[in-house]
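Peer 1: Build me a structure from this.
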Amino acid sequence: MKFSNKKLSQTITQLCIAKGIRNIVISPGSRNAPLTIGFTENKNFINYSIVDERCAAFFALGIAQQLDEPVALVCSSGSALLNYYPAISESYYSDIPLVILSADRPSELINIGDGQTIQQENVFQNHILENANCIEGDAYNLFNEAIINSALNTAIIKKGPVHINLPFSEPLYKTIENLTITVKSTPILVAAKKVNEDLIPFVKKWNIAKKKLILVGVLKPNSIEKKYLDILAKDESIIVLTETTSNLHNKNFFPAIDQLIASFDKNELIKFEPEILLTFGGMIISKKIKALLRGYSPKEHWHIDSKKAYDTFFCLTHHFKITANLFFKELFPRIEPVKSNYQSNYLSIKKYRLKRHQEYISIIPYSDLKIFSAIVEIMPKNMQLQLSNSSIVRYAQFFDFDKCIDVFCNRGTSGIDGSTSTAIGAAVVSKKETLCITGDLSFLYDSNALWNNYMPCNFKIIVINNGGGGIFRILPGEKNTDNFDTFFETKHKFTASNLCEMYNLEYTMIHRESELNQNLKSFFNSSDTPKLLEIFTPSEINDQVLLEYFNFLK
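Peer 2: Numbering: from 1, shown residues only. You can find the predicted model right below:
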C-alpha cells in the first residue's frame with residue numbers, strides 16, 4: 001500500500017477510516033493529488049471519479065441520501081470548490097451528510113496572483129455545519145487532527161455538510177510505503193434521545209381538540225413506526241396530509257393535498273381550519289396548503305424535529321426537539337378519544353375528489369398530466385423513484401404511489417440543477433431499480449450527470465419534454481409573447497437522442513398517445529444498458545389541462 005508523503009493527507013484518510021467514511025467522490029486535479037493518492041491507494045475506500053464538480057457533489061449527495069452516512073468529496077483548489085455549492089446547500093437543508101475536502105494553496109500563495117487560487121476558508125459559511133481550516137506544517141499536526149475530528153463527528157451526528165480545507169505545498173505526488181503519523185479518533189458521542197419537557201399541558205390541549213391536522217413533509221421510507229401511523233389513521237379527530245415525498249401510506253391518509261383542498265370556498269376553508277397543526281418531516285411542496293394555513297391559522301402549531309423548526313405558516317407555538325417516533329411513544333399512552341367528524345367528512349370528500357380525478361384523466365387530451373398518470377399506472381412496484389423539481393414533483397402530488405415505491409426529490413432548496421446526478425448516485429448504491437423522472441430543462445441543465453462510468457443497467461430516465469419551462473405557463477403572468485418564450489419558458493428544440501448515443505443509453509421517444517402504453521411497458525423491461533425514454537408533449541395545452549383540473553374536481 002502506498003501513502004502520500006503529506007502528513008495532512010495521511011491524517012484525513014486515517015480519520016475517515018476510523019469514522020467509517022467509505023465512499024469518496026473525486027474530481028481530477030493536481031493540488032488534490034495527495035488526497036487522491038491517499039484514498040485511491042487504500043482498499044478501505046470505494047472511490048468514484050467524476051470530472052464535473054457540480055455533478056460530483058450531487059452524485060455524492062445521492063449516495064449519502066441512500067446510505068444515511070457521510071460521503072466525502074475531493075477537489076482541487078480554486079473555482080473547482082465553488083461548483084460544490086448547489087449540492088452543499090441542498091445537503092444543508094435536507095440534513096444529508098457530506099464531507100467536503102478541498103485542496104488549497106499554502107496561505108502565503110493566496111491573493112498574490114498565483115494561479116488557481118481563491119479565498120477558500122469559510123467559503124460556504126452560510127450553509128455549512130462546521131468549517132475546519134487546516135494549516136500545513138508538522139507544528140500543526142495536533143491542531144489539524146483535532147479540527148478534522150470535530151468536523152467529521154459533526155457530519156455524522158448532525159447529518160449535514162462540513163468543509164475541511166487542506167493546504168498542500170509542492171511537490172504533490174511523492175509517495176511512501178509506510179504511514180508517518182498515528183492519529184487518535186475522537187469518540188462520536190450521540191446524546192440519548194429523550195423528552196426533556198413536561199408533555200402534560202400539550203396532552204391536555206390534544207385531548208380536547210376536535211380538529212387536529214398532521215402535515216408531513218419529506219421523509220425517508222420507513223421512518224415512522226407503523227403502529228403509530230395506525231393510531232393516527234384510526235383517530236376520528238385527526239387528518240393526516242402527506243406528500244409524495246413523505247413516503248407514508250394508509251387508506252385514511254390524504255396523499256394528494258391539492259386535490260383535496262384546491263376547490264374549497266371560504267366556508268369550506270373555515271370548516272377545515274384546524275385547532276392544532278402538528279408537523280414533522282422536511283420541506284412542504286404544496287403551495288396551496290401553505291397559503292391555506294397562513295390564511296386560516298391554527299391556534300397551536302407544534303413541530304417535531306430533533307434539529308430545527310421552521311415557522312413556515314407564521315404561527316409556530318412549540319418545537320419538540322426529539323424524533324417523531326419518540327414523540328408519539330410518549331404522547332399516545334396519554335391520549336383520550338374525542339368525538340369528532342373531522343376525518344370522516346374529509347374522507348368522503350377525498351372519495352369524491354378521487355372519482356372526479358379519474359374521470360378527468362380519462363377525458364383529457366395527450367398532455368403532461370395524461371402522461372404522468374400513465375407512468376404511475378404502469379411503473380413496476382419495488383422501485384426507487386427519483387423526481388426532479390419544478391413541474392415534475394408537482395404532477396407527482398396528484399397521485400398516490402404504491403407503498404412499495406420509495407420516493408426521493410431534492411426539496412431542500414428545490415433546484416433543478418442536480419436531479420439526474422443525485423438519481424445516478426442513489427442508483428449506484430441502491431438495491432432497487434431506480435427510475436428518474438425529469439423535465440427537459442432539468443435534464444439538459446444536468447446533462448453532465450451522464451458523464452460517468454457508474455450508471456447501473458437497471459437505471460432508467462424518463463424525460464418529459466414540453467420544449468421549455470412548462471411550469472411558467474401555469475404561474476400567473478402574460479403568456480405567448482417573445483419575452484415570455486425567450487426569458488421565462490426558454491423554448492428550445494433539443495432532444496436527448498445525441499446525449500444517449502454519446503453515453504451509451506438505450507433511447508426511445510414518444511410523440512403521441514397511441515405510442516404511450518406499449519412503449520412504457522417495454523421501457524420497464526430489463527436491459528444490458530441504462531435506458532432513457534423521452535416523451536414529447538404539446539406545451540400549448542399543458543397549462544390549460546392542469547388549471548381546468550381543479551375546476552373539474554369541484
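Peer 1: Give me the buried positions along stretch 366-381.
Peer 2: 366-376, 379 (16 or more other CB atoms under 10 Å). The C-beta positions use only the backbone N, C-alpha and C, and glycine is treated the same way.
Peer 1: Let me see the contact set for the nearest residue to Ser539 once chain neighbours are set aside.
Peer 2: Spatial nearest neighbour of Ser539, excluding adjacent residues (CB to CB, 6 or more residues apart in numbering): Asn466 at 4.3 Å. Asn466 is in contact with 368, 439-440, 536-539, 542, counting by CB atoms under 8 Å, 6 or more residues apart in numbering.
Peer 1: any chance of the buried residues of stretch 366-381 in a markdown table, with distance to Gln65 and secondary structure too?
Peer 2: Compiled in a markdown table, those are given as follows (distance: CB to CB, whole Å; DSSP: H, G, I helix; E, B strand; the rest coil):
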| residue | distance to Gln65 | secondary structure |
| --- | --- | --- |
| Tyr366 | 34 | coil |
| Ser367 | 31 | coil |
| Asp368 | 26 | helix |
| Leu369 | 28 | helix |
| Lys370 | 30 | helix |
| Ile371 | 26 | helix |
| Phe372 | 23 | helix |
| Ser373 | 27 | helix |
| Ala374 | 27 | helix |
| Ile375 | 22 | helix |
| Val376 | 22 | helix |
| Met379 | 20 | coil |
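Peer 1: what's the neighbour count on the residue lying closest to Lys370 once chain neighbours are set aside?
Peer 2: Ranked by CB to CB, 6+ apart and with sequence neighbours excluded, the top spatial neighbour of Lys370 is Ile364, at 5.4 Å. Applying other CB atoms under 10 Å, we find 18 other residues in the vicinity of Ile364.
Peer 1: Retrieve the pLDDT associated with Ile364.
Peer 2: pLDDT, Ile364: 96.
Peer 1: any residues touching the longest helix seen in the chain, and which ones?
Peer 2: With secondary structure taken from DSSP state H, the chain has its longest helix at helix 342-363. Residues from elsewhere that reach helix 342-363, judged by CB under 8 Å, 6+ apart: 210-212, 235-239, 252, 254, 256, 259-260, 263, 271-272, 369-370, 373, 398, 549, 552-553.
Peer 1: make it 7 Å
Peer 2: 210-211, 236-239, 252, 254, 259-260, 370, 373, 549, 552-553 (CB atoms under 7 Å, 6 or more residues apart in numbering).
Peer 1: quick one: it to chain centroid distance?
Peer 2: 29 Å (CA atoms, centre = their mean, to the nearest Å).
Peer 1: Please identify the buried residues of it?
Peer 2: 342-343, 346-347, 349-350, 353, 356-357, 360-361.
Peer 1: Turn the residues you listed into CSV, including pLDDT and distance to Leu532.
Peer 2: Shown next, in CSV, are the buried residues of helix 342-363 (pLDDT from 0 to 100; distance: CB to CB, whole Å):
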residue, pLDDT, distance to Leu532
Tyr342, 98, 46
Gln343, 98, 43
Tyr346, 97, 40
Leu347, 97, 40
Ile349, 96, 39
Lys350, 96, 36
Arg353, 95, 34
Arg356, 96, 34
His357, 96, 29
Tyr360, 97, 29
Ile361, 97, 25
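Peer 1: Pull the contacting residues for Ser169.
Peer 2: Here Ser169 is in contact with 106, 136 (criterion: CB under 7 Å, 6+ apart).
Peer 1: for it, helix, strand, or coil?
Peer 2: coil (DSSP: H, G, I helix; E, B strand; the rest coil).
Peer 1: Which pLDDT does the model give it?
Peer 2: Model confidence at Ser169 (pLDDT) stands at 94.
Peer 1: Quick check: the residue nearest to Lys370 touching Val545?
Peer 2: Yes - contact status for Ile364 versus Val545: in contact at 5.3 Å, counting by CB atoms under 7 Å.
Peer 1: do you know how far the nearest residue to Ala374 once chain neighbours are set aside is from Asp368?
Peer 2: Distance criterion CB to CB, 6+ apart; nearest residue to Ala374, sequence neighbours excluded, is Leu516 at 5.3 Å. As defined by CB to CB, to the nearest Å, Leu516 lies at a distance of 12 Å from Asp368.
Peer 1: where do the contact lists of the two overlap?
Peer 2: With CB under 7 Å, 6+ apart as the test, Leu516 and Asp368 reach no residue in common.
Peer 1: Mind listing what's buried along stretch 280-296?
Peer 2: Those would be 280-286, 288-289, 292-293, 296, for stretch 280-296 by 16+ other CB under 10 Å.
Peer 1: With stretch 438-458 instead?
Peer 2: 438-450, 452, 454-455, 458.
Peer 1: Just the ones in helices from these, please.
Peer 2: Short answer: these in helices (DSSP H) are 440-445.
Peer 1: Which one of the residues you listed is nearest to Glu170?
Peer 2: Distance ranking of these against Glu170, using CB to CB, places Tyr445 first at 36.6 Å.
Peer 1: wait, what's in contact with that closest one?
Peer 2: 416-417.
Peer 1: Looking at it now. What's its pLDDT?
Peer 2: 95.
Peer 1: That one and Pro86: what is the separation?
Peer 2: 11 Å.
Peer 1: same question, Asp402
Peer 2: According to CB to CB, Asp402 and Pro86 sit 31 Å apart.
Peer 1: between the two, who's got more neighbours?
Peer 2: Pro86 (20 against 13).
Peer 1: Am I right that the more buried one sits in a strand?
Peer 2: No - per three-state DSSP, Pro86 lies outside any strand segment and is helix.
Peer 1: My read is that it contacts Arg54, right?
Peer 2: Yes - with contact defined as CB under 7 Å, Pro86 and Arg54 form a contacting pair (6.3 Å).
Peer 1: if I look at these two, which residues touch both of them?
Peer 2: Counting by CB under 7 Å, 6+ apart, the residues touching both Pro86 and Arg54 are Gly418.
Peer 1: now Ile118, nearest residue through space, not along the chain?
Peer 2: Gly78 (5.6 Å).
Peer 1: Just the local confidence number for the one you found, please.
Peer 2: For Gly78, pLDDT reads 92.
Peer 1: Which phi and psi values does the spatially most central residue of the chain adopt?
Peer 2: Centroid-nearest residue in the chain, with CA atoms, centre = their mean: Asn410, separated by 2.7 Å. Backbone geometry at Asn410, expressed as degrees, to the nearest 10, gives phi -80, psi 80.
Peer 1: ok, it to Pro221 distance?
Peer 2: Relative to Pro221, and taking CB to CB, Asn410 is found at 16 Å.
Peer 1: Which element, helix or strand, includes Val203?
Peer 2: According to DSSP states H and E, Val203 maps onto helix 200-208.
Peer 1: then that helix to CSV, C-alphas only?
Peer 2: Output of helix 200-208 as CSV, limited to C-alpha atoms (Å, rounded to 0.1, in the frame of the first residue of the first chain):
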residue,chain,number,x,y,z
ILE,A,200,-49.0,17.3,30.3
PRO,A,201,-50.0,20.8,29.0
PHE,A,202,-49.8,19.6,25.4
VAL,A,203,-51.6,16.4,26.1
LYS,A,204,-54.5,18.4,27.7
LYS,A,205,-54.8,20.5,24.5
TRP,A,206,-54.5,17.5,22.3
ASN,A,207,-57.3,15.7,24.2
ILE,A,208,-59.9,18.5,23.8
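Peer 1: which other residues reach that helix?
Peer 2: By CB under 7 Å, 6+ apart, helix 200-208 touches 276, 300, 331, 334-336, 338.
Peer 1: and stretch 28-35, how far out from the chain's middle?
Peer 2: The answer for stretch 28-35 is 29 Å, by CA atoms, centre = their mean.
Peer 1: ok, and what's touching that stretch?
Peer 2: By CB under 7 Å, 6+ apart, stretch 28-35 touches 4, 6, 9, 12, 49, 51, 74-77, 80, 101, 103, 166, 168, 172-173.
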